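Participant: got a structure for you, letters missing:
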C-alpha cells in the first residue's frame, strides 16, 4: 500500500470525515466489458467475458470452490469455459453442470445436457425440457434428481406451500414438492400426495420470483395472485380464487412491480375484515429498466436505486441512489455486488464480513449506505 495514502486515510478516519463513495469498495477490475456477477450468502462470484469463473469471500464449507475452507479477500479463478452460473452451480459451454461445497471443495461435474439454470440459481432445465435440482449425495456433495418433465420455466420458492412452481407448454401453472406444513397459508388440504403435482392456474405467461404469494403474469400481461399473500407483519391472507392485481405488467419481485411502460410500484397488503385481502399498488418511480433485487432497481439511465421502507405501512418510503453506470446488481445475505459498464466490480457490506466485498476490515455499520474506499 502507498504509505502516503495510508497516512492520509488514517487521519481521515480519526477525524471522522471519510467520504462516502457512490458504490462502496472498488474490489475488482477486469479491464474488459461484459460478464456477470452473483452474490451468494457471504460469497461473491464473477463470470468474465472469457468464461472464467472467479470467487471470493466466506470459504466455510468449501463454498468458494477453491479447494479450501478459508476466507479469501481477492478473486480467484475456480472454473473455465463457463457460460452461466447460479446458486453454487456453473454451466459450461458443453452443457455440463458443475457444483462445489459441503464435503467436496473444488468444482465437480454433476450432470450433462443442461440447457439453462432457472432464475434464482436453481433448479435447472435440461435439453429435453425436463426440470432437475440437486440433492445430497451419499458420498458427500450433491447429485441431480428429476422433478418433472415437459417444462417451459420454473421457480424454487422456499416460502411457498410448494417447493417448485412450474410453467407447462399449455400455459398451465403447477405446484411440485408439497411440504408437510402450510408455511404460507395457501389453504390446501394436508392429505394431498406430496409426490403428485397440483394444478394452480391456467393461461399463465410468466412466473414471477416472488415469495409473498403465488404471483404470475397471464397472457394479457395482467398480474395475478393465487393462494394467499402476506401482510407487512408476515400474516397470511388467503385468497379464494386467482385475483387481479394490476394490468400491463412486466415483472414483480418481493412487492416491487414493474409495468411495461417503466413505472415502478410497491404493493401493500391489508385486510378490512381480517378475511378479505386488500392489495394496494403505489407508484414510486418512473423510467425503470428492471428490478434487480427485493428492494433495488435499475433505471433506463443505468442508475441503481434502493427502496427504503418498501411496504409503506407508515407512509415512509424513501428512494436512495446507490451507484451510476451500472450493468448488473447482485444481492447476498449481507452484501451487494455491482458490475459497472467499464468492467469494474463494486461492493458494499452491512453485516458479517468474510471478504465478500474485498479488503473491507473497517468497523461495521448498520447503515448499508456507508461506504469505504478500497486502498490496495
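Facilitator: Structure's in. What do you need? Everything numeric here is computed off the predicted structure, so don't read it as measured data.
Participant: my guess is residue 120 contacts residue 155. True?
Facilitator: Yes: here residue 120 reaches residue 155: they are 6.1 Å apart, a contact under C-beta atoms under 8 Å. Placement of C-beta: from N, CA and C, glycine included.
Participant: okay, those two: which has more neighbours?
Facilitator: In this view residue 120 and residue 155 are compared by other C-beta atoms under 10 Å, and residue 155 has more residues nearby, 24 against 14.
Participant: what's the pLDDT at that one?
Facilitator: Residue 155 carries a pLDDT value of 88.
Participant: ok, it - contacts?
Facilitator: Contact partners of residue 155, counting by C-beta atoms under 8 Å, 6 or more residues apart in numbering, are 118-120, 164-165, 207-209.
Participant: next: residue 262.
Facilitator: Here residue 262 is in contact with 286-289, 300 (criterion: C-beta under 8 Å, 6+ apart).
Participant: the helices in the chain, which residues?
Facilitator: Per DSSP state H, the chain carries helices over the ranges 3-15.
Participant: what stretches of it score poorly on pLDDT?
Facilitator: 1-34, 158-161, 178-195, 209-213, 227-240, 269-277, 311-315, 351-352, 357-376 (pLDDT under 70).
Participant: what's the end-to-end length of stretch 126-143?
Facilitator: End-to-end distance for stretch 126-143, by C-alpha to C-alpha, to the nearest Å: 15 Å.
Participant: which residues touch it?
Facilitator: Taking C-beta under 8 Å, 6+ apart as the rule, stretch 126-143 contacts 89, 95, 99-104, 108, 110-111, 113-115, 118, 122-125, 144-152, 154, 156, 164, 166.
Participant: what does stretch 52-70 give?
Facilitator: In contact with stretch 52-70 (C-beta under 8 Å, 6+ apart) are residues 27-28, 40-48, 71-80, 82, 85, 88, 90, 100-107, 352, 354-356, 358.
Participant: gap between the two ends of that stretch?
Facilitator: Stretch 52-70: ends 21 Å apart by C-alpha to C-alpha.
Participant: and what of stretch 68-88?
Facilitator: Per C-alpha to C-alpha, stretch 68-88 runs 15 Å from first to last residue.
Participant: going by neighbour count, which residues of stretch 282-297 are buried?
Facilitator: Buried residues in stretch 282-297, defined by neighbour count with 16 or more other C-beta atoms under 10 Å: 284-285, 288-297.
Participant: and for stretch 125-134?
Facilitator: Here stretch 125-134 shows 125-126, 130-134 as buried, counting by 16+ other C-beta under 10 Å.
Participant: closest to residue 309 among these?
Facilitator: residue 133 (34.9 Å; C-beta to C-beta).
Participant: distance of the nearest residue to the closest one once chain neighbours are set aside relative to residue 267?
Facilitator: The shortest distance from residue 133 to any non-neighbouring residue, by C-beta to C-beta, 6 or more residues apart in numbering, is to residue 123 (4.0 Å). Here the distance between residue 123 and residue 267 works out to 26 Å (C-beta to C-beta, to the nearest Å).
Participant: do residue 37 as well
Facilitator: 27 Å.
Participant: looking at these two, which one has more neighbours?
Facilitator: residue 267 (25 against 22).
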